[in-house]
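Asks: Pasting the sequence and the predicted model now:
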Amino acid sequence: MTSAKKSALTAVVMFVLISAVVLGGMTWATLSSFELAKKTVAEEQLTRALRALGHIDSMVLGFLNSEASRPAIDYGDFYALGPDNIEAVVTRDGRESNVAYVVFRTRLAVADSKPPYDWIDLYFVMNHKGKASSPQFDEEEERLFLTRPASLDLWKRRALESWGWFQAAVTGIDFRARVSAVLWGEELLSVGAEPEATQLVRLPQRAMKYAGRRTSLADAQRRHVPAEICVSEQIAAGHVRGEPLAIDSEFEETSTPPKTVRIKPGPFAPPFWIDPDRSPGLKLAFVRECLEDADVNYQGFIADWERLKPELLRSVEEQFPTAELVPVPNDVELDDDAESMRLHALPAVLRVPDDIPGGTAAAAWRSVRGVLLISWIASLAVLITAGWGVRNLVAITERRMQFAYAVTHELRTPLTTFRLYSDMLSAGLVAEESKQEYLDTLNRESQRLSSLVESVLEYARLENHKVKLHVAATDAVSLLRVVGETVEKRCVPNAVEGETRNSVLGTHPIHTDVSLVNQITAVLVDNACRHARGSSKPKVVVQLSGDNGRLFLDVMDSGPGVELRDSHTIFKPFRRGSDADATARGGIGLGLSLARNWAALLGGRLDLVARHHPQYGGAHFRLSIPSEAPIS
């Protein structure tokens with residue numbers, strides 16, 4: 001293997017290794033980026049879902065805070081105002097009454113007091129004796145519900161319907177266990193019949209799984225609940241002055257003052273589901289503990305899930321139009337994924353379908369495709385540029401080596417001849433009658449060296465774009481005359497028959513560089529002579545023809561033609577035919593390369609028309625010359 005081939009192979013191997021490293025790195029980066037993008041999309045989806053979860057929790061907390069701020073006395077039928085809160089009492093007939101206490105209907109007991117939220121069915125109280133009651137209706141309203149339900153408002157009918165099944169369901173509810181977890185954390189206050197029987201009992205771990213998560217819920221409610229509930233002076237004055245009809249119509253003066261009770265409500269415990277076997281549909285119970293002196297009562301309200309759920313989902317409908325709230329049975333443990341989407345304020349799980357268009361992978365690809373495509377295009381562009389550079393470097397190296405080899409090889413013969421003949425002449429070893437022959441040989445070799453040097457210099461000028469055209473007006477006849485002289489001068493010394501033909505109709509005037517056309521013809525004829533002189537009837541034919549404003553100068557010979565493997569490289573510099581050493585002598589492989597470049601300067605082309613001419617058997621070259629050469 002030659003050194004040129006070794007260098008080329010080394011460069012190719014290095015380029016392949018570099019390409020493998022770059023492409024491998026880009027593939028790894030692409031896969032890693034895609035996986036990271038998928039993870040990011042999934043995390044963003046989870047973040048949006050958790051944000052929606054928090055929004056629903058905040059919404060429920062707002063409801064609870066509103067209800068937690070409701071005075072405990074609202075859950076009863078009446079409340080009383082003492083002399084410290086009353087400025088004056090006026091009866092219905094306008095008389096001023098001099099009483100110490102006045103009894104009022106509570107806000108929930110007023111006939112037209114509709115619940116603040118449509119999804120609340122019933123307010124209830126479970127007293128310390130285990131008896132349930134509701135301030136929302138009386139015996140007359142219960143009678144109307146049984147006889148003429150249509151005469152009652154919708155919210156009143158819902159309350160009475162709920163009261164009907166709640167009286168049966170309440171017997172299966174352990175309010176104490178449900179509420180104490182919030183009040184005491186992981187410990188339940190067990191109060192016995194005697195003070196010394198009071199003790200702290202540890203709750204089961206299963207019942208306390210979510211106590212820590214709901215601590216903030218209870219704390220938030222405590223900020224809305226005063227330590228003691230009483231009716232402020234402003235409210236009392238408003239009832240007396242602005243709303244005299246709020247005084248109970250059955251009010252009677254009495255000398256017995258009502259009993260004063262100190263009331264302290266607690267926060268609402270986490271809601272729980274009513275036994276579905278005892279309630280129509282899904283119902284939630286919200287309960288809080290209320291201390292009335294030494295007695296423990298439980299206050300709360302019943303919510304209808306089918307009316308509460310749409311209201312909650314509407315708050316996140318813009319982000320998740322297909323989201324769903326799924327009830328979780330009381331005290332059921334969930335897996336980690338479901339647990340992460342469990343509401344703090346309700347026993348339900350928020351389910352957010354994967355509504356990303358095309359799925360997570362498609363969304364991840366959309367987010368990174370721009371960067372990845374740019375990176376891949378940049379990497380491939382770098383590799384292509386590097387490959388082109390390596391190719392050019394190898395080509396330049398090969399051309400330099402070919403040039404050095406060709407020039408060295410061509411210089412060796414004439415220089416050897418010069419040295420030998422000059423030594424013989426100077427030493428007087430040549431007979432007098434042979435001196436002229438020796439001098440003629442030295443003259444030929446000097447011309448050969450001059451031609452070689454001139455070819456190299458011309459190639460350098462072409463490479464540096466320093467060749468200038470000398471365009472002049474001429475015609476086909478004049479051009480063929482100049483070319484014919486060149487053909488004769490080249491063919492006669494080589495013992496090759498030269499023939500010129502004119503197939504142009506008319507004179508066909510053109511503007512071109514005649515000298516450069518002649519140089520191209522000389523190169524083609526020289527090559528043709530070198531290859532044709534080995535044939536039985538060596539012949540070179542130069543034919544001039546014209547078509548569509550262009551001239552065609554065809555050069556054909558009777559030589560062996562051009563091998564297929566040589567036809568692709570024949571116009572490259574320093575390239576000779578694969579059998580050049582066997583069939584021809586001289587030349588460094590620059591002739592056809594120079595001729596093609598000269599043709600390009602003229603605005604034309606030099607092509608190999610046929611590797612084997614059908615009539616003469618040798619190569620057929622064609623020079624195409626435009627009528628107007630470009631101005632250099």
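Replies: Looks like it arrived, so ask away.
Asks: I'd say residue 309 and residue 325 touch.
Replies: Yes: using CB atoms under 8 Å, residue 309 makes contact with residue 325 at a distance of 5.1 Å. No exception for glycine: its C-beta is placed from N, CA and C like everyone else's.
Asks: Show the contacting residues for residue 309.
Replies: Residues near residue 309 by CB atoms under 8 Å, 6 or more residues apart in numbering: residue 325.
Asks: That one sits in which helix or strand?
Replies: Per DSSP states H and E: residue 309 is located in helix 305-314.
Asks: cool, and residue 143?
Replies: Using DSSP H and E, residue 143 falls within helix 139-147.
Asks: Check which element follows that helix along the chain.
Replies: Using DSSP H and E, the helix or strand that follows helix 139-147 in sequence is helix 154-169.
Asks: can you give me the angle that following helix makes with helix 305-314?
Replies: 120 degrees (axes from the mean of the first three to the mean of the last three CA atoms, to 10 degrees).
Asks: residues of stretch 606-613 that come out buried?
Replies: Buried residues in stretch 606-613, counted by 16 or more other CB atoms under 10 Å: 606, 608, 610-611, 613.
Asks: Same list (those) but as JSON lines, adding pLDDT.
Replies: JSON lines is the format used below for those (pLDDT from 0 to 100):
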{"residue": "606", "pLDDT": "92"}
{"residue": "608", "pLDDT": "92"}
{"residue": "610", "pLDDT": "91"}
{"residue": "611", "pLDDT": "88"}
{"residue": "613", "pLDDT": "90"}
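Asks: which one of those residues sits closest to residue 628?
Replies: residue 606 (18.2 Å; CB to CB).
Asks: For the stretch 151-300 of the chain, which residues score under the pLDDT cut-off?
Replies: Under the criterion pLDDT under 70, the flagged ranges of the stretch 151-300 of the chain are 151, 181-261.
Asks: If we use 50, what do you get?
Replies: 184-214, 223-255 (pLDDT under 50).
Asks: Who are the packing partners of the longest helix along the chain?
Replies: Longest helix in the chain by number of residues (criterion: DSSP state H): helix 359-426. Counting contacts by 3 or more CB pairs under 8 Å, 6 or more residues apart in numbering; DSSP states H and E, the secondary-structure elements packed against helix 359-426 are helix 3-68, helix 435-463.
Asks: follow-up on the earlier one: next, the buried residues of the helix holding residue 309.
Replies: Within helix 305-314, the residues that count as buried by 16+ other CB under 10 Å are 305, 308-309, 312-313.
Asks: CA-only coordinates of the helix or strand following it in CSV, if you can.
Replies: Heading C-terminal from helix 305-314, the first helix or strand you meet, by DSSP H and E, is strand 324-327. The C-alpha trace of strand 324-327 is given here as CSV (Å, rounded to 0.1, in the frame of the first residue of the first chain):
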residue,chain,number,x,y,z
GLU,A,324,-63.8,13.9,38.4
LEU,A,325,-64.2,13.7,42.2
VAL,A,326,-64.5,10.1,43.4
PRO,A,327,-65.8,9.5,46.9
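Asks: Contacts for the helix or strand following strand 324-327, please.
Replies: Once the chain leaves strand 324-327, the next helix or strand it forms, by DSSP H and E, is helix 336-340. Helix 336-340 is contacted by residues 50, 349 when judged by CB under 8 Å, 6+ apart.
Asks: Run the chain-centre distance for helix 336-340.
Replies: Computed by CA atoms, centre = their mean, to the nearest Å, the separation of helix 336-340 from the middle of its chain amounts to 29 Å.
Asks: and residue 264, that one's in a strand?
Replies: Yes: the assignment for residue 264 by DSSP: H, G, I helix; E, B strand; the rest coil puts it in a strand.
Asks: would a markdown table of the helices and strands packed on helix 359-426 with mean pLDDT be doable?
Replies: Below are these laid out as a markdown table (pLDDT from 0 to 100):
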| stretch | mean pLDDT |
| --- | --- |
| helix 3-68 | 84 |
| helix 435-463 | 73 |
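Asks: Select, out of those, the one closest to residue 138.
Replies: Of the helices and strands packed on helix 359-426, nearest to residue 138 by CB to CB is helix 3-68, at 22.7 Å.
Asks: So what's the model's average confidence on the helix holding residue 309?
Replies: In this model, helix 305-314 has a mean pLDDT of 93.
Asks: what about stretch 352-364, how long is it end to end?
Replies: In stretch 352-364, first residue to last residue: 19 Å (CA to CA, to the nearest Å).
Asks: domain ranges for this structure?
Replies: Following automatic domain parsing, the chain resolves into domains at 3-49+358-409, 70-171+225-305, 467-626.
Asks: I am finished for the moment; much appreciated.
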